[in-house]
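>>> no sequence on this one, just coordinates:
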DNA sequence: TTGTAGGCGTTATCAT
DNA sequence: ATGATAACGCCTACAA
């Protein structure tokens, strides 16, 4: 048998009792200290401290509308691609007293839906999602709940959803242009699985478009889809190089795949970039420590996270959509890209 | 003026009304379907679907004891060190219908405390923490709340807290032993900031102990503390190599730092490992794609995450501490470590 | 098997 | 400036 207040989690009532005031006063003390006299405020704060009281979040969320929490559902935590942007996102939120809760969807659409619902049920005031691609029911649900939502890592001016990101297709086009300009005609592509991944799909489209514009047949492209991992990049590279005609350039959907590809290409005895050029996407730290350093598309991850946070906070406060923001990516031409070897 | 049920978030009452039953029946349907007749169950489920009803988490947490949520507070999301283990942790939880919420503490003790409280306030049934080092008040709070807690990435058989991890000191001793055995006498160390980071401190201790056992003066060690980033590894390496006597081996607190160090060492014109040996810690994917591949300590990240999840779930269910689990690390000797050049 | 009703901890609306 | 009290949405005895 336990007495109620014995070593249990204190409630606002315990604090009120100890401070000799009403629960309402305690509540005011916590939420708007200016509405209570310094003397009583002192008493309450002392009681709070002594008891180690923390407001029950559930109860608070039940009656208030705000939870000061936003959720982010990212495809994976397994590599650094989303880490930098998310870090900046969190920093900006924290400055405004908002807590970030992160859930990973492991690149599985139905799992992502589940995670979104989880965050919603927990009263997230806003949501950060990666890319546009998901079922319409989810969007309907978000709208019905009036949950502020920002899409990042993608940009679509025609979508009703606010996005803070960049045009993946355009970015990859620029890179593919640089590759083709160096004489490469047969290009291997290592992409993420494009089903239910609009970013990956857009990037591949960008490459295809460049080839089309150059009057090159799509058959000059050999595309392998795989999951994001260094090992996958190695396997894919090995396979690409076993084909005839052998590609002289391998364009990868991100830097992680590219790092694996470079490694494998060299292991097989080819030189980079003299024999084979390799490119990445994202410009994470890894890109610079590759040997040779990776030619890639620089994505302003921190800026993206920061501005996404500001947009989301604004939407939460004002209760209406904020304008989308297109961020510019930049080509980073490093040593992994060279001219096509004359065969 | 809005009608209450108009396009708002549905409550259990809405579902009950639509299904023509009481709220209690709906609740039972959701929590223990076997306690309600198939016919009514059908009606309720149809209403749930039609309305797109999701139970309000706050309300549920308020009255029930379980939230089926566990939280993890990790030092950073910025690199892949914790990613793999966390991924496995999440997978194991998800299999049991438990949701993982992640918060990052950015290697700041007070921020970590804040994040822990946030998770607690949100009713997390259990917590995964990294390392032992934090204030006693937090532990008191955890105990008072009866929140199941598991410490990972560290192992201390003497702590009352359950840990699922490995002995950082011992692991690094093994590696340092291998370095010294190859004749290295002057060793540079690039460590994470050891203040409030027991793992980093233990690793450095491991190196010191080996030197002591070999009868080498501690002054043969030159230690630089820095944050975890590839760039930091580069700067630190540059500084280490500018000292006299120049170290012949650089031991790093993790693979990320080591990758940066290798890059810089080579950029400065030294060969690895002929002139300078470099070692890492963790054995993340990066270790294998380094040039040359990194000698490092292999940490069974996925196993650690998996077993931490099982231990935590067990503690939540049984309401008492589970035994700690020590995982074995393994030396991975790759090309970045070579014999000390005879000077 | 199903319905009724009380209470979980908090905030907000009224009084005082 | 402070206190009483009615919600908030859900679960769970207890009743029927």
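Alright, I've got the coordinates. Because the structure is a prediction, the values reported are computed rather than measured.

>>> what does chain A put close to DNA strand C?
Residues of chain A found near DNA strand C (Cβ under 7 Å from any atom of the strand) are A:9, A:11-13, A:23-24, A:26-27, A:30-31, A:53, A:55-56, A:59-60, A:62-64. No exception for glycine: its C-beta is placed from N, CA and C like everyone else's.

>>> and those residues near DNA strand D, which?
The subset of the residues of chain A next to DNA strand C within reach of DNA strand D, by Cβ under 7 Å from any atom of the strand, is A:23-24, A:59, A:62-63.

>>> would you list these in JSON lines and tack on neighbour count?
Shown next, in JSON lines, are those (neighbours: other Cβ atoms under 10 Å in any protein chain shown):
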{"residue": "A:23", "neighbour count": "14"}
{"residue": "A:24", "neighbour count": "11"}
{"residue": "A:59", "neighbour count": "16"}
{"residue": "A:62", "neighbour count": "16"}
{"residue": "A:63", "neighbour count": "7"}
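
>>> which of those lies closest to residue B:268?
residue A:59 (59.8 Å; Cβ to Cβ).

>>> before we move on, the earlier item: now, the residues of chain A next to DNA strand C that are in helices?
Mapping the residues of chain A next to DNA strand C onto helices (DSSP state H) picks out A:12-13, A:23-24, A:26-27, A:30-31, A:59-60, A:62-63.

>>> just those residues that are near chain B?
When Cβ under 8 Å from any Cβ of the partner chain is applied, the members of these adjacent to chain B are A:59-60, A:62.

>>> about what we covered before: so how do I select the buried members of the residues of chain A next to DNA strand C in ChimeraX?
Of those, the buried ones can be selected in ChimeraX as follows, counting by 16 or more other Cβ atoms under 10 Å in any protein chain shown:
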select /A:9,11,12,26,27,30,53,55,56,59,60,62
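
>>> Can you give the domain ranges for chain A?
Following the assignment in automatic domain parsing, chain A carries domains at A:6-55, A:67-166+A:300-328, A:168-299.

>>> of all the ones you listed, which lies closest to residue B:215?
With Cβ to Cβ, the closest approach to residue B:215 among the domains of chain A belongs to domain A:168-299: 36.3 Å.

>>> That closest one close to chain B?
Yes: applying Cβ under 8 Å from any Cβ, one finds domain A:168-299 touching chain B at A:229-231, A:256, A:259-260, A:262-263, A:285-286, A:288-291.

>>> ends of that domain, how far apart?
Domain A:168-299 has its terminal residues 10 Å apart, counting by Cα to Cα, to the nearest Å.

>>> any idea of the mean pLDDT for that domain?
The average pLDDT within domain A:168-299 is 96.

>>> Model confidence for residue A:6, exactly?
Residue A:6 carries a pLDDT value of 41.

>>> Repeat that for the one 10 residues further on.
For residue A:16, the model assigns a pLDDT of 93.

>>> what's near enough to touch the residue lying closest to residue A:82 once chain neighbours are set aside?
Among residues not flanking residue A:82 along the chain, residue A:74 sits closest, at 4.6 Å (Cβ to Cβ, 6 or more residues apart in numbering or on different chains). Contacts for residue A:74 (Cβ atoms under 8 Å, 6 or more residues apart in numbering or on different chains) come out as A:82, A:86, A:102-105, A:130.

>>> How about residue A:156?
A:132, A:163, A:324.

>>> Go through those residues and single out the one with the most neighbours.
With neighbours defined as other Cβ atoms under 10 Å in any protein chain shown, the most crowded of these is residue A:163; it has 25 neighbours.

>>> how about that residue, secondary structure?
Secondary structure, DSSP: H, G, I helix; E, B strand; the rest coil: residue A:163 is strand.

>>> can you pull the contacts of it?
By Cβ under 8 Å, 6+ apart, the neighbours of residue A:163 are A:132, A:150-152, A:154-156, A:324-325.

>>> go again using 7 Å as the cut-off
A:150-152, A:154-156, A:324 (Cβ atoms under 7 Å, 6 or more residues apart in numbering or on different chains).

>>> Over to residue A:28?
Applying Cβ under 7 Å, 6+ apart to residue A:28 gives the contacts A:35-36.

>>> pLDDT score for it?
pLDDT, read off for residue A:28, is 93.

>>> Find me the pLDDT at residue A:119, would you?
pLDDT, read off for residue A:119, is 87.

>>> and it, what is it in contact with?
If you count contacts by Cβ under 7 Å, 6+ apart, residue A:119 has them with A:71, A:73, A:101, A:103, A:127.

>>> wait, which of those is closest to DNA strand C?
Using Cβ to the nearest atom of the strand, residue A:101 comes nearest to DNA strand C of these, at 19.0 Å.

>>> pLDDT for the contacts of residue A:156 - can I get that in a markdown table?
Formatted as a markdown table, the contacts of residue A:156 follow (pLDDT from 0 to 100):
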| residue | pLDDT |
| --- | --- |
| A:132 | 96 |
| A:163 | 97 |
| A:324 | 97 |
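
>>> Looking at the residues you listed, which is nearest residue B:269?
Among these, residue A:163 lies closest to residue B:269 (Cβ to Cβ), at 46.1 Å.

>>> which one is the closest one nearest to, not counting chain neighbours?
Spatial nearest neighbour of residue A:163, excluding adjacent residues (Cβ to Cβ, 6+ apart): residue A:151 at 4.1 Å.

>>> Give me the neighbour count for residue A:142.
Using other Cβ under 10 Å, residue A:142 is surrounded by 19 other residues.

>>> so which helix or strand takes in it?
Using DSSP states H and E, the element containing residue A:142 is helix A:136-145.

>>> what helices or strands is that helix leaning on?
With contacts taken as 3 or more Cβ pairs under 7 Å, 6 or more residues apart in numbering or on different chains; DSSP states H and E, helix A:136-145 sits against helix A:109-121.

>>> If you count neighbours, what's buried in the helix it packs on?
For helix A:109-121, the neighbour count (16+ other Cβ under 10 Å) marks A:111-116, A:118-121 as buried.

>>> can you list the residues you listed in CSV and add distance to residue A:143?
Output for the buried residues of helix A:109-121, formatted as CSV (distance: Cβ to Cβ, whole Å):
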residue, distance to residue A:143
A:111, 22
A:112, 17
A:113, 15
A:114, 19
A:115, 18
A:116, 13
A:118, 18
A:119, 16
A:120, 12
A:121, 17
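
>>> contact partners of the longest helix anywhere in chain A?
In chain A, assigned by DSSP H, the helix with the most residues is helix A:301-318. Contacts to helix A:301-318, defined as Cβ under 7 Å, 6+ apart, come from residues A:70, A:84-89, A:92-93, A:96, A:98, A:125-126, A:128, A:148, A:150, A:152, A:162, A:164-165, A:321-322, A:325, A:327.

>>> What segments of chain A are helices?
Under DSSP H, chain A gives helices at A:12-19, A:23-31, A:38-51, A:57-63, A:83-95, A:109-121, A:136-145, A:168-181, A:198-213, A:230-241, A:255-267, A:285-289, A:301-318.

>>> Most tightly packed of those?
Each of these was scored by mean neighbour count; the highest is helix A:255-267, a mean of 26, by mean count of other Cβ atoms under 10 Å in any protein chain shown.

>>> Tell me the spacing between residue A:320 and chain B.
Distance, residue A:320 to chain B, by Cβ to the nearest Cβ, to the nearest Å: 16 Å.

>>> again, but for residue A:203
Distance of residue A:203 to chain B, given as Cβ to the nearest Cβ: 22 Å.

>>> Check whether that residue really touches residue A:172, as I assumed.
Yes: shown here, residue A:203 and residue A:172 form a contact pair, counting by Cβ atoms under 7 Å, at 4.2 Å.
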